[in-house]
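S.K.: return a 3D structure for these sequence lines:
(one chain, ligands or ions: 2)
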Amino acid sequence: MEYRELGNTGLMASVIGIGCEGMSEDNYAMCSRLFDEAERLGINYFDLYASDPDLRRAVGKALEGRRDKFLIQSHICSVWENGQYLRTRDLEKVKAGFEESLELLGVDRLDVGMIHYCDSMSDWEDIVNNGILDYVRDLKRQGRVGHIGLSSHNPLVARRAVEEGGIEVLMFSVNPCYDLQPASEDVDELWADRNYEKQLTNMDPDRQRLYEICQARGTGITVMKAFAGGELLGSNQIAGVKLTVNQCISYALSRPAVSVVLAGAHSVEELRQSAEYCDAAPWERDYAAALASFPKVSWVGHCMYCSHCEPCPMRIDIASVTKFLHLCQAQGTVPETVREHYAALESHGGDCIGCGACESRCPFGVAVRENMQSAAEVFGY
Ligand code: SF4
Ligand code: SF4
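M.R.: Ligands and ions are numbered 1, 2, ... in the order given. Okay, the predicted model is just below:
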């Protein structure tokens, strides 16, 4: 298993985490087997958005005797009422739901307390004005929540929450199709047929900006919907191209600030399949050619951080150099953490000898030599 720092939280999280999507009523009984397998695979991170008390109890039972082996990202504002899930901004319900969730899980703290599912500006304002953000900050002060998180599908709302609310961990929907779509308050728009009928060019700038801002501020991203609910793994008519599990995971993990991909686990086998990413060969992780063959989508000139252009004779990690360059260009300055990461690379933009081998291999027509030169100017070497 590979591990990454989760933003500035100080937590080291496995790049593959367990999402509770897939843990349906039929298989609560298998929670223990799922966590057994996760422990064996070295997976130490899981997300729990569902509020069903039976599920939370089953997860709590699966955690017995090994709480310290897992980092818990669980959702605040996701409660159970009248026998069903409810997303609420009613502070009293939120408080009662939090207490109940700890009790059912059999724990005294969450590593990440995730403010659940905020996709509109007015909802974010409710979170602030109804005292929910202050309540979660209090939980953090009391040590009952390690870090404050928020889940969203909307890059503009997520950005505002990160910038205004001091969100430390963002759970966000990341995959190459959603990344093409502009911000919307309606999550269904991300996969609406009509939005893929027109020609699409490059990543939505608000999404790119969100990832860069998270990276610059040290907000760690945990990814939901990396497979678009499984749609990207079939020959979906919209995407037009079938991707593999490894390609989807690799794509998400290549975005700035992303630390963990939460894999829905309908079965132990499905969890194993996602974890196999860590042993996958570079060609199995390579998503460049598949993306370049998407009908009606053009990423021409836009670096997708895919590393398809390597190897470089000067051993330059072209994707990383380009990513760090973009982070600086977006900030208009060189953030200290980016400077450190750049310094840690084996070779740098200034080492480029201009051979052009990378450009002939890049499926997106990126002007790599120009980028290397820009990086050398920005960082000084
Ligand atoms: S330059 Fe091209 S091939 Fe290289 S990482 Fe960027 S998009 Fe991929
Ligand atoms: S042009 Fe520069 S970055 Fe590209 S392969 Fe040659 S030396 Fe490496």
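S.K.: in the protein, where is pLDDT below threshold?
M.R.: For the chain, applying pLDDT under 70 flags the ranges 22-28, 235-239.
S.K.: now whichever residue of the stretch 151-300 of the chain sits closest to ligand 1, nearest residue through space, not along the chain?
M.R.: As assessed by CB to the nearest ligand atom, ligand 1 sits closest to Ala288 within the stretch 151-300 of the chain, at 5.5 Å. Every residue, glycine included, has its C-beta placed from N, CA and C. Among residues not flanking Ala288 along the chain, His308 sits closest, at 3.5 Å (CB to CB, 6 or more residues apart in numbering).
S.K.: if I look at the one you found, how far off is ligand 1?
M.R.: 4 Å (CB to the nearest ligand atom, to the nearest Å).
S.K.: same question for Gly365.
M.R.: Between Gly365 and ligand 1 the computed distance is 8 Å (CB to the nearest ligand atom).
S.K.: cool, and Ile127?
M.R.: Separation of Ile127 from ligand 1 (CB to the nearest ligand atom) stands at 37 Å.
S.K.: can you give me the strands for the stretch 251-381 of the chain?
M.R.: 258-264, 297-298 (DSSP state E, counting those that start in this stretch).
S.K.: what does the stretch 1-150 of the chain give?
M.R.: Under DSSP E, counting those that start in this stretch, the stretch 1-150 of the chain gives strands at 3-5, 12-14, 16-19, 45-48, 71-76, 78-81, 84-87, 110-115, 145-152.
S.K.: out of those strands, which gets nearest to ligand 1?
M.R.: strand 3-5 (19.1 Å).
S.K.: let me have the strands of the stretch 1-150 of the chain in JSON lines, adding distance to ligand 1 and mean neighbour count as columns.
M.R.: Listed next are these as JSON lines, based on distance: least, CB to the nearest ligand atom, whole Å; neighbours: other CB atoms under 10 Å:
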{"stretch": "strand 3-5", "distance to ligand 1": "19", "mean neighbour count": "15"}
{"stretch": "strand 12-14", "distance to ligand 1": "25", "mean neighbour count": "21"}
{"stretch": "strand 16-19", "distance to ligand 1": "23", "mean neighbour count": "26"}
{"stretch": "strand 45-48", "distance to ligand 1": "27", "mean neighbour count": "25"}
{"stretch": "strand 71-76", "distance to ligand 1": "30", "mean neighbour count": "26"}
{"stretch": "strand 78-81", "distance to ligand 1": "38", "mean neighbour count": "19"}
{"stretch": "strand 84-87", "distance to ligand 1": "38", "mean neighbour count": "12"}
{"stretch": "strand 110-115", "distance to ligand 1": "31", "mean neighbour count": "26"}
{"stretch": "strand 145-152", "distance to ligand 1": "27", "mean neighbour count": "26"}
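S.K.: export those strands to TSV and tack on distance to ligand 2?
M.R.: Below are these laid out as TSV (distance: least, CB to the nearest ligand atom, whole Å):
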stretch	distance to ligand 2
strand 3-5	25
strand 12-14	31
strand 16-19	31
strand 45-48	34
strand 71-76	37
strand 78-81	47
strand 84-87	48
strand 110-115	38
strand 145-152	36
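S.K.: would you list those strands in CSV and tack on distance to Gly350?
M.R.: Converted to CSV, these look like this (distance: least, CB to CB, whole Å):
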stretch, distance to Gly350
strand 3-5, 27
strand 12-14, 32
strand 16-19, 35
strand 45-48, 37
strand 71-76, 39
strand 78-81, 49
strand 84-87, 51
strand 110-115, 39
strand 145-152, 37
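S.K.: now do the domain split for this protein, please.
M.R.: 3-282, 318-379 (automatic domain parsing).
S.K.: just name the most buried of those.
M.R.: Of all the domains of the chain, domain 3-282 carries the top mean neighbour count, a mean of 19, counting by mean count of other CB atoms under 10 Å.
S.K.: centre of the chain to that domain, how far?
M.R.: Offset of domain 3-282 from its chain centre (CA atoms, centre = their mean, to the nearest Å): 7 Å.
S.K.: gap between the two ends of it?
M.R.: 18 Å (CA to CA, to the nearest Å).
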